[in-house]
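# next come a sequence and a model predicted from it.
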Amino acid sequence: MAYVKNWLHCVWGTKNRHPYLIGDFKTEVIKHILDNAKSKNIYIDSMGGFTEHIHCLISLNPEMSLSNVIQLIKGESSYWINKKKITRFRFSWATEYFGLSVSESQLNNVRNYIRNQEEHHKRESWDDEYNKLITEYGFDRFPG
């Protein structure tokens, strides 16, 4: 048996940063993603977001790759949203996403950060947060 703890803070947005994720719609999408992930043996510890993006803390199963997990989450949820015709226009997630490793000592900080997205974005826009992630974690120097 493999004993693995691989915590990842994942972030992805809506296509063209359209602010779809508002009120009950955001709540319904998050609940659906959590239920679907559970059925696929994907453990999401925390999930939250703002009008145009989602954050989640995932404990990555040792048999799954991050790209497969994100594809399962994003692909299935956009399919579900469009099938239910929840939005006026065709819904889609942006193709890019962030996946950052998290140490055990930082789990509670990341959980709190994810839970407090509404407050956080009163001070910092998604564009600013996105650009900060790119530069702070060196994605501009090491793409992919």
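That came through, no problem. Only a predicted model underlies this, so the values are computations on that prediction, with no experimental measurement involved.

# neighbours around Tyr79, how many?
11 (other CB atoms under 10 Å). To be clear about C-beta, it is placed using only N, CA and C from the backbone, and glycine gets the same treatment.

# check which helix or strand covers it.
When secondary structure is defined by DSSP states H and E, Tyr79 falls within helix 66-84.

# quick one: name whatever helix or strand follows that helix.
strand 93-102.

# what comes up buried for that following strand?
Neighbour counts over strand 93-102 (16 or more other CB atoms under 10 Å) mark Trp93, Tyr97, Phe98, Val102 as buried.

# please enumerate the strands of the chain.
Using DSSP state E, the strands of the chain run over residues 7-14, 43-50, 53-59, 93-102.

# need these in a markdown table (columns: distance to Met1).
Conversion of the strands of the chain to a markdown table gives the following (distance: least, CB to CB, whole Å):
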| stretch | distance to Met1 |
| --- | --- |
| strand 7-14 | 19 |
| strand 43-50 | 16 |
| strand 53-59 | 16 |
| strand 93-102 | 22 |
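
# tabulate the ones you listed (a markdown table), appending distance to Tyr130 and mean pLDDT.
As requested, the strands of the chain are arranged in a markdown table below (distance: least, CB to CB, whole Å; pLDDT from 0 to 100):
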| stretch | distance to Tyr130 | mean pLDDT |
| --- | --- | --- |
| strand 7-14 | 8 | 97 |
| strand 43-50 | 11 | 96 |
| strand 53-59 | 8 | 97 |
| strand 93-102 | 8 | 95 |
